[in-house]
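A.B. asks: model the following, please.
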Amino acid sequence: MIYKFLICFLVNMRGGFATGFSGMIASAVISHMLIAFLGMEL
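C.D. replies: Predicted coordinates:
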C-alpha cells in the first residue's frame with residue numbers, strides 16, 4: 001500500500017515540475033516576443 005502511494009506521489013511531483021518548467025519557458029518566450037515585436041516594456 002505504501003509502495004503504491006509512493007509511486008503515485010513521485011509521478012505527480014514529476015508532472016507538477018514539468019508543468020511548472022513549461023510555464024516558465026512559455027512566459028519567458030512570450031515576454032521576449034512582446035518586447036521585440038511590439039516594443040512593449042514589461
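A.B. asks: which stretches of this structure have low pLDDT?
C.D. replies: For the chain, the stretches with pLDDT under 70 are 40-42.
A.B. asks: secondary structure element holding the most centrally placed residue in it?
C.D. replies: For the chain, the residue nearest the mean C-alpha position is Gly20 (2.3 Å; CA atoms, centre = their mean). Assigned by DSSP states H and E, Gly20 belongs to helix 2-38.
A.B. asks: which parts of that helix are buried?
C.D. replies: Within helix 2-38, no residue is scored as buried using 16 or more other CB atoms under 10 Å. Glycine gets a C-beta too; all of them are placed from N, C-alpha and C.
A.B. asks: ok, the residue nearest to the centre of the chain to Gly39 distance?
C.D. replies: Going from Gly20 to Gly39 by CB to CB, to the nearest Å gives 29 Å.
A.B. asks: and what of Tyr3?
C.D. replies: Distance, Tyr3 to Gly39, using CB to CB: 55 Å.
A.B. asks: on that earlier part again, give the contact list for the residue nearest to the centre of the chain.
C.D. replies: Gly20 is in contact with no residue at all, counting by CB atoms under 8 Å, 6 or more residues apart in numbering.
A.B. asks: how much space is there between it and Ala26?
C.D. replies: 11 Å.
A.B. asks: repeat that for Cys8.
C.D. replies: Distance check for Cys8 against Ala26: by CB to CB, it reads 27 Å.
A.B. asks: ditto for Lys4
C.D. replies: Distance from Lys4 to Ala26, by CB to CB: 33 Å.
A.B. asks: now Leu34
C.D. replies: Taken as CB to CB, the span from Leu34 to Ala26 is 12 Å.
A.B. asks: Gly16 too?
C.D. replies: Distance from Gly16 to Ala26, by CB to CB: 16 Å.
A.B. asks: repeat for Tyr3
C.D. replies: 35 Å.
A.B. asks: now swap in Met33 and tell me
C.D. replies: For Met33 relative to Ala26 (CB to CB), the value is 11 Å.
A.B. asks: what does Val11 give?
C.D. replies: Going from Val11 to Ala26 by CB to CB gives 23 Å.
A.B. asks: just Ile7 next, same as before
C.D. replies: On the measure of CB to CB, Ile7 and Ala26 end up 29 Å apart.
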